[in-house]
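> after the sequence you'll find the predicted model.
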Amino acid sequence: MKPLLRFLGSLFIVGLLAVGLAWDGVIAPAQAALRQLEEAPGQVVVQSRQTLKDQEGKTWQAIAFRRTTPDGANRFYLRLIGFPGVATLDRSQPLQLTNFRGKTWEATDCSEVMFTDATQNQPSSGQYDLGPILMKLEPAIPLKLSLATMEGPEIVLNIAPEMIAEWRSLQ
């Protein structure tokens with residue numbers, strides 16, 4: 001019985017390593033750039049920008065940012081921007097964040113605050129409220145972001161642990 005348990009334990013460990021390596025292989029390195037901007041007196045935005053590829057190789061920009069308003073309130077958002085025509089996001093659906101362990105969180109769409117002029121609305125861009133879940137994300141574990149679309153399969157973006165750690169540092 002002990003040899004069987006040892007074998008199953010070894011198989012389990014090898015399986016975990018294989019999953020970890022598979023996740024590492026699909027996450028492309030991203031170049032980050034931290035920026036701090038004063039939008040108005042007392043209103044500061046600190047942002048992290050990365051360029052990502054989706055499952056079809058199309059380029060997206062991810063901008064994680066914290067906005068501090070003059071009254072001291074902090075908001076944390078993730079803005080995802082695809083090139084025009086790449087997809088029409090279904091903004092009635094939340095952004096889904098899933099780690100490789102299968103734990104899933106949802107971020108509420110708040111794209112309406114992104115476009116102050118309705119004529120500037122870009123269907124391939126969305127903004128999501130990460131404030132309630134940001135500190136629940138484990139910085140050492142990669143994430144998969146899933147964006148619902150109006151015309152087809154969801155958009156999948158892989159997020160490296162370094163990006164998650166950087167996002168958390170903005171909070």
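Ah, there it is. Everything numeric in this text was worked out from a predicted model, so none of it was measured. Numbering: from 1, shown residues only.

> contacts only, for the spatially most central residue of the chain.
Most central in the chain under C-alpha atoms, centre = their mean is residue 145, positioned 5.3 Å from the mean C-alpha point. Residues counted as contacts of residue 145 (C-beta atoms under 8 Å, 6 or more residues apart in numbering) are 80, 95, 96, 97, 156, 157, 158, 159. For every residue, glycine as well, the C-beta is placed using N, CA and C.

> with neighbour count and distance to residue 166 as added columns, please give those in TSV.
As requested, those are exported to TSV (neighbours: other C-beta atoms under 10 Å; distance: C-beta to C-beta, whole Å):
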residue	neighbour count	distance to residue 166
80	23	16
95	23	18
96	17	21
97	23	15
156	15	20
157	23	15
158	21	15
159	23	10
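
> could you point out the helix or strand that follows the helix or strand bottoming out on mean pLDDT in the chain?
Averaged element by element with mean pLDDT, DSSP states H and E, the chain has its least confident helix or strand at helix 2-26 (a mean of 47). Following helix 2-26 in sequence order, the next helix or strand is strand 33-40 (DSSP states H and E).

> what distance separates that following strand from the middle of the whole chain?
Between the mean C-alpha point of strand 33-40 and the mean C-alpha point of its chain there is a distance of 20 Å (C-alpha atoms, centre = their mean, to the nearest Å).

> strand partners of that strand, parallel vs antiparallel please.
Strands flanking strand 33-40 in the sheet, each with its direction: strand 43-53 (antiparallel) (DSSP bridges).

> what separates the partner strand from the chain centre, distance-wise?
The gap between the average C-alpha position of strand 43-53 and the chain average comes to 11 Å, counting by C-alpha atoms, centre = their mean.

> buried set for that strand?
Applying a neighbour-count criterion of 16 or more other C-beta atoms under 10 Å, the buried positions in strand 43-53 are 44, 45, 46, 47, 48, 49, 50, 52.

> what's the farthest-apart pair in those residues?
Longest distance between any two of the buried residues of strand 43-53 is 25.4 Å, between 44 and 52; criterion C-beta to C-beta.
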